[in-house]
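**Q** A structural model of the following input is requested.
(2 chains)
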Amino acid sequence: MAEKTPTQAQTTGHVWDDDLQEFNNPLPVWWTYTFYVTIVFALVYWVVYPSWPIGKSFLPGVNTITYKNAAGQEESWHWNTRSKLLMETQAAAVAQKPYFDKLAALPYDKIAKDPELSSFVVSAGKVVFSENCAACHQAGGQGKVGFFPNLTDDDWIYGGSPEKINETITKGRHGYMPPFSDALSGAQIDELAHYVASLSGLKADAAKVAKGKELFHSHVAACYYCHNDDAKGRKDIGSANLTDKVWLWADVPGAADDAGKIAAIRKVIVGGLDKGVMPSWQGRLSEQQIKLLTVYVHELGGGK
Amino acid sequence: MSFKHENVETNAGVLLVLTMIAISVGGMVEIAPLFFIKDTTENVAGVRPYTPLESRGRDIYVREGCYTCHSQMIRPFRDEQLRYGHYSLAAESKYDHPFQWGSKRTGPDLARVGAKYSNEWHVQHLLKPTSVVPESVMPNYPWLLSTKLDISDIGDRMRALRITGVPYSANQEEYEHNVKQFGEAVAKTLVIADAQKNLVAQATDGNYDGDRGSVSEMDALVAYLQVLGTMVDFSKIKPEELVKFR
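**A** Residues are numbered from 1 along each chain as shown, chains lettered A, B, ... in the order given. I've put the predicted structure just below:
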């Protein structure tokens, strides 16, 4: 192998394995100057933005953020992300104010008749609904049998008027039905299940239906106490209407055959319900947002 | 020996010492003052240590690696505020050891998930996330509901946290101090000696997993999730108050 001539470059003087040397070239000029620029940048940054700690405080920097607050007064803070957020929130609130003011001022029946406001409700309401409501009631509001009520049909557990929807969102709800496994015999529960099935036109044993009907209105089972004599439920306490074809707790739509449908109804009577909890949104959402959602949910399909 | 560049670079011992000094200066300037600047942790009412049940839930949160996909840190940006709620305060994680802020969001931030959904939703979602959120990529955690919560060592766990500065009370004096700071109801949940009793009582009353009969890991985890971000009542704090702290 031909012997290499030493290069002109400086070396550190270290030599390994006879001819392995370490270069000691100066840094590239562009690199060196960039490095100096970063130092100057840091100095400027220290002056402008919050930086050095001093004792029990810190340098806030000379940069400020100024904006008009909700009361229209001018506020000014040293630059920081929290005040920047306040400024941006305020700017957005000002832009949305005409719509929210109109929404707050108009009664529910007039909102739907205002096309501009309606389109605001649809677009802004969808965003709020998607983030807060869709986890349970699903993206389109169709709900989930056995868990969360459908908001697109015209069956309302607690009432489908805008006022009631608003109350439901604001205060939240908690469904309850006592378990009847101890109070009633297996045969009695079976008879009741057949009666409840018959109420919504499902196939049921006529003899059991007759006995179940009697039980329903008796003091033994006392179903009528919550579900009313006509079995249409009471919206003030959220007891279900048993006469329509809408099912929430008993998974009747998911049952394979008639026996399965009866079994699904039985299951609810046996175990009762200690669920159907809707959280209260007061506090998490503003009054404006709740009114927006009320109109949005009302417009989903089944509002009364 | 002169401190020429070459001398430092060719002398590993000197290089090591000087590097350590340089890093220490950085640490002293950037980290140490935070322990002394009074405003680092905001003085807000309501923040309390976790109850025994919530604390065990937090252990399960860590065990299952929830933090690898979920952060607990809402940054002060408008988009985050709109989606998750008020930005997180340092004070809100002052009893978290270690804190669960995280920086990876495969799933949403959980800093304010408490009280947002019902217990039922959480149970169903943990058992099979796609059953309530069809587009979810979160795995199923079915064993949480079927595994009984181990509460035998809850006292030791609280004693360990007490060493790090969480005010769980080991004697009457500490209890009375907690009564003054948090009120009687909260102070009672912080008594180490009553931990097992308190844990079972909270799980039974709260009915987190839909079964009041036994205390499952689901009870603990849902209890923990339901308290996240709910301790501070922001309706009582002016937003301008918090700006001063930064």
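
**Q** and the most centrally placed residue in chain B, what does it touch?
**A** Residue closest to the average C-alpha location in chain B (Cα atoms, centre = their mean): residue B:96, at 4.1 Å. Residues in contact with residue B:96 (Cβ atoms under 8 Å, 6 or more residues apart in numbering or on different chains) are residue B:58. Just so you know, the C-beta spots here come from the backbone N, C-alpha and C atoms, and that holds for glycine as well.

**Q** the domain parsing of chain B - what is it?
**A** According to automatic domain parsing, chain B comprises the domains B:5-36, B:52-243.

**Q** report all helices and strands that the strand or helix carrying residue B:178 contacts.
**A** Assessed by DSSP states H and E, residue B:178 sits inside helix B:172-182. If contacts are counted by 3 or more Cβ pairs under 8 Å, 6 or more residues apart in numbering or on different chains; DSSP states H and E, helix B:172-182 sits against helix B:184-189.

**Q** list the buried residues for the helix it packs on?
**A** For helix B:184-189, the neighbour count (16 or more other Cβ atoms under 10 Å in any protein chain shown) marks B:187, B:188, B:189 as buried.

**Q** can you give me the pLDDT of residue 205?
**A** Reading this off chain A. pLDDT recorded at residue A:205 is 93.

**Q** switch to chain B, please.
**A** What the model reports as pLDDT for residue B:205 is 93.

**Q** likewise for residue A:53?
**A** At residue A:53, the model reports a pLDDT of 81.

**Q** count of neighbours near the closest residue to it other than its chain neighbours?
**A** Of all residues not flanking residue A:53 in the chain, residue B:33 sits nearest, at 3.2 Å (Cβ to Cβ, 6 or more residues apart in numbering or on different chains). Residue B:33 has 17 neighbours, counted by other Cβ atoms under 10 Å in any protein chain shown.

**Q** my read: residue B:33 touches residue A:57, true?
**A** No: contact between residue B:33 and residue A:57 fails when scored by Cβ atoms under 8 Å: they sit 9.2 Å apart.

**Q** how close does the residue lying closest to residue B:187 once chain neighbours are set aside get to residue B:190?
**A** Distances taken as Cβ to Cβ, 6+ apart place residue B:178 nearest to residue B:187, at 3.8 Å, with adjacent residues excluded. Distance of residue B:178 to residue B:190, computed by Cβ to Cβ, to the nearest Å: 5 Å.

**Q** same question, residue A:195
**A** In terms of Cβ to Cβ, residue A:195 sits 52 Å off from residue B:190.

**Q** still on that earlier bit, and for residue B:178 and residue B:190, which residues touch both?
**A** In contact with both residue B:178 and residue B:190: B:167, B:169, using Cβ under 8 Å, 6+ apart.

**Q** give me the more crowded residue out of those two.
**A** Per other Cβ under 10 Å, whichever of residue B:178 and residue B:190 has more neighbours is residue B:190, with 27 against 22.

**Q** what are the buried residues along the helix or strand encompassing residue A:123?
**A** Residue A:123 belongs to helix A:115-132 when assigned by DSSP H and E. Buried residues in helix A:115-132, counted by 16+ other Cβ under 10 Å: A:117, A:120, A:121, A:124, A:125, A:128, A:129, A:132.

**Q** show me which helix runs longest in the chain.
**A** With no chain named, the answer covers chain A. Across chain A, the longest stretch assigned as helix under DSSP state H is helix A:81-105.

**Q** right idea, wrong chain: chain B
**A** Max-length helix for chain B by DSSP H is helix B:12-30.
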